[in-house]
Each structure stands twice: as structure tokens, then as C-alpha cells.
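K.L.:
Got a predicted structure plus its sequence, pasted below:
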Amino acid sequence: CTCRAASRSPAPPPHAHAPHRGAMSKFFAAGSSSDDSDAEEESFDENESTDNEDGDADKAAQPAPRGRSAFLKSDSEDSGDEGARVVKSQRDKRWEAMTSTVKQIKNHLKINDWVALVSDFEALNKQLAKAAAIVSKEGVPVFYHKALLVLETAVAKSLEDKDKVKKMSPTNAKALNSMKQKIRKHNAAHADALDPLRKGFD
């Protein structure tokens, strides 16, 4: 019947289907994967920062280099401070050269090397001559006069020991006799300065 068909209400539209569980699972899975990735990156950054701090701490805890390394390192550091070094005066250079020769004289006396001592004596006198300008203002340094007395005393003691002289090589014995003549003549010229020092000098 037509009226029955018209009276029937139209069928309600189909409800929208809820999202498929599989699709939602993939969505949350993707979100979880992204969160895990961010967490891993943060953890890596923290570990890297910790490693760097530990490395710096290890470097600070390492002992300072010694021996050859320290030396090389020191030279390297000093090379940048050349401009700050104190320039020595001409006076200081002259006196240092002479005191160095005096040390050589003492060392050669210990081994009874009169050939070397003759050379040392001549070198010391040449160094004094080069310092003439300084000597004219300040006078002859006391350590020079003491060195002359040391040589004078050593020559006298060596010549007293006849057996020791006999055991010397001809070259060394000849150098000893040469020094005897040189020091006697030279010290006579410095008698005024040497005589007061001779008192109690051994």
C-alpha cells in the first residue's frame, strides 16, 4: 500500500565507523618510537657531556711531566718569554766569564793538570784585559786576586812533593815549572793587593 510506504520513516544513516584499532595502534606506536628516539638523543648528549667532563678531569689529574719531557716543555714555554728576559750588563758578562775560568782552574787543580792550568791562567789574564774599562772605574775584582793566590799556593805545594813531580809526565812537569815562573812574576805586580789577602790564606 502506498500510504504504508509513505508512513515508514527513512532508515537512519549508517553511523560513522570508529577508527580501526590497527590504525590507532600504529599511531601510538609511531609516537612511542619518536619519544624513545628523543630520549635516546638526550641520553647520548648527557653521556657525551659526562665523558667530556671526565676527560677534562683526567687531564687535570695527570702529573706534570718530568725529566726530558719537562725540559722540552720548559724550553717551549721559555721561547715565548724571550722579550721579558733581563739583559745583562757588560760588567756582568765580563765578571761571569772570569768566574767561569776560575772554576776551571779549581777543577784542573784537583786533577793536577798543569798544562790546562797554564791555559786557564793566560785566559783569565786576557779576560781581565778586556774588562779594562770596568777595572778603571771599579778596580780589579777580589776573586781575581784570590785566584792568583790559589795558583801560587798550589805551585809551591806541588814543587815541595819531589816524588809527585817525578811521577808527572814530562809535559805536565814542564808546565808546572812554567807556571812557577809566570805566577811569581805576575803576582809581584799585584803585591799591594795580594799581601793583605795572604794573611790567613791557605
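P.N.:
Looks like it came in fine. Numbering: from 1, shown residues only.
K.L.:
Please make it C-alpha for all contacts and neighbour counts, starting now.
P.N.:
Fine.
K.L.:
residue contacts, Glu152?
P.N.:
For Glu152, the contacting residues are 180, 183-184, by Cα atoms under 8 Å, 6 or more residues apart in numbering.
K.L.:
Among the residues you listed, pick out the one closest to Ala133, please.
P.N.:
Ranked by distance to Ala133 (Cα to Cα), the contacts of Glu152 are led by Ile183 at 24.1 Å.
K.L.:
where in the chain is pLDDT low?
P.N.:
Judged by pLDDT under 70, the chain has its weakly predicted residues at 1-84, 202.
K.L.:
Looking at the contacts of Glu152, which one is closest to Asp92?
P.N.:
Nearest to Asp92 among these, with distances taken as Cα to Cα, is Ile183, at 26.3 Å.
K.L.:
just checking, that closest one touches Leu148?
P.N.:
Yes: if you go by Cα atoms under 8 Å, Ile183 and Leu148 touch, sitting 7.3 Å apart.
K.L.:
Give me the distance between Lys180 and Lys88.
P.N.:
Distance, Lys180 to Lys88, using Cα to Cα, to the nearest Å: 36 Å.
K.L.:
between the two, which one's more packed in?
P.N.:
Neighbours were counted for Lys180 and for Lys88 using other Cα atoms under 10 Å; Lys180 has more, 18 against 8.
K.L.:
hmm, back to that, export the contacts of Glu152 to a markdown table and tack on distance to Ala123?
P.N.:
Listed next are the contacts of Glu152 as a markdown table, based on distance: Cα to Cα, whole Å:
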| residue | distance to Ala123 |
| --- | --- |
| Lys180 | 17 |
| Ile183 | 14 |
| Arg184 | 17 |
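K.L.:
Could you pick out which of these are located in helices?
P.N.:
Mapping those onto helices (DSSP state H) picks out 180, 183-184.
K.L.:
how many other residues sit next to His145?
P.N.:
His145 has 16 neighbours, counted by other Cα under 10 Å.
K.L.:
Identify the residues contacting it.
P.N.:
Contact analysis of His145 by Cα under 8 Å, 6+ apart lists 190, 193-194.
K.L.:
same question, Met179
P.N.:
With contact set as Cα under 8 Å, 6+ apart, Met179 has these partners: 114, 118, 155.
K.L.:
Quickly name whichever of the residues you listed is closest to Lys130.
P.N.:
Val118 (18.8 Å).
K.L.:
returning to what we had before: and of the contacts of Glu152, the nearest to Ser169?
P.N.:
Distance to Ser169 across the contacts of Glu152 (Cα to Cα) is lowest for Lys180, with 16.7 Å.
K.L.:
The closest one contacts Lys157, doesn't it?
P.N.:
No: using Cα under 8 Å, Lys180 is not in contact with Lys157, being 11.0 Å away.
K.L.:
can you pull the buried residues of the host helix or strand of Val102?
P.N.:
Taking DSSP states H and E as the definition, one finds Val102 inside helix 90-110. Residues 95, 98, 101-102, 104-106, 108-109 are the ones in helix 90-110 that count as buried (16 or more other Cα atoms under 10 Å).
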